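Novice: Any chance you can model this:
(chains A and B)
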Amino acid sequence: DAKTTQPPSMDCAEGRAANLPCNHSTISGNEYVYWYRQIHSQGPQYIIHGLKNNETNEMASLIITEDRKSSTLILPHATLRDTAVYYCIVRVPAYSGAGSYQLTFGKGTKLSVIP
Amino acid sequence: NAGVTQTPKFQVLKTGQSMTLQCAQDMNHEYMSWYRQDPGMGLRLIHYSVGAGITDQGEVPNGYNVSRSTTEDFPLRLLSAAPSQTSVYFCASENRAGGYTFGSGTRLTVV
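Specialist: Prediction:
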C-alpha cells in the first residue's frame, strides 16, 4: 500500500494561507490522493482529491507534483475554524479488489490556526 | 438529507456483553465501511461492504461482525466486548465521485 508521510503539527496565522505537505513516494499511477480533516472528535470531513492535475474547490487547492511523489493542500485564508487534524491519504483498492477502494489513515498533521 | 447516521452516540458495555452499532445512510451509496479510532491515532478499517449482500474484512476485523441486507444499513456487531474494543467507531459511505461521508461516531467504553 502506498503510504504517506506528513509533519505531525503545523501552525498558521489566521488569514494567511496554510500549506500542508504530504509525501507519497510509493504511489502507483492510478492511485488518487485524498485529503480529509477531523475537527475535535467529529467524523472526518472530505476536503479534496486528485490524481495528477491540480485541483481546486470551495474549501482548498491541491497541488500534486509532476512525479506524483508529493502533494500540498492549500487553505488560502485560514480561519480559526480550520484548526483540525488533516489527513493525506492514498486511496488503494479494497482487499476484495472488487472495484472498490479503501482509505488508510495515518496520524495526520495537526494544524493550529493562531489568532 | 441526513447523510450518515450512527446510533448510539455513546455506549458503556461490560466485558463479555454483545451489542450492535447502527449505521444508516440515505444517499443510495453502494460502498460503506466501519473504522475505529483510538486516542492519538488515525482511523483503522474494520469491515467494509461494496453493496447489499457483500461484505469483507479490513485491517482489524477480529471481534466484529457485519451484515448488509439493504443498501441503507450497515450494522457492526460486537460479539463479546473486550476492554481493547474501547474506541470511537465511525461509519462511512462513498459516493460515485470517490468522496467519503462519515457519521458523527459512536464512543464505546468497555469496562
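Novice: just the residues of chain B that are near chain A, which are they?
Specialist: Residues of chain B lying close to chain A by Cβ under 8 Å from any Cβ of the partner chain are B:4, B:31, B:33, B:35, B:40-45, B:48, B:50, B:54, B:56-59, B:88, B:90, B:92, B:94, B:98-105, B:107. Any C-beta I mention is one placed from the backbone N, CA and C, and that applies to glycine too.
Novice: Just the buried ones among those residues, please.
Specialist: In the residues of chain B next to chain A, burial by neighbour count holds for B:4, B:31, B:33, B:35, B:42-45, B:48, B:50, B:56, B:58, B:88, B:90, B:92, B:94, B:100-105, B:107, counting by 16 or more other Cβ atoms under 10 Å in any protein chain shown.
Novice: Do a quick rundown of the strands in chain A.
Specialist: All strands of chain A, identified by DSSP state E, fall at A:9-13, A:18-23, A:33-38, A:45-50, A:55-56, A:61-64, A:70-75, A:84-90, A:92-93, A:101-102, A:109-114.
Novice: in chain B, what spans have low per-residue confidence?
Specialist: Scanning chain B with the threshold set as pLDDT under 70 gives B:1.
Novice: Which among the strands of chain A is found nearest to residue B:15?
Specialist: Minimum separation from residue B:15 across the strands of chain A (Cβ to Cβ) falls at strand A:33-38, 28.9 Å.
Novice: what's the angle from the closest one to strand A:45-50?
Specialist: Angle, strand A:33-38 to strand A:45-50, by axes from the mean of the first three to the mean of the last three Cα atoms, to 10 degrees: 170 degrees.
Novice: Grab the nearest non-local neighbour of residue B:51.
Specialist: Of all residues beyond its chain neighbours, the one nearest residue B:51 is residue B:30 (4.6 Å), with distances taken as Cβ to Cβ, 6 or more residues apart in numbering or on different chains.
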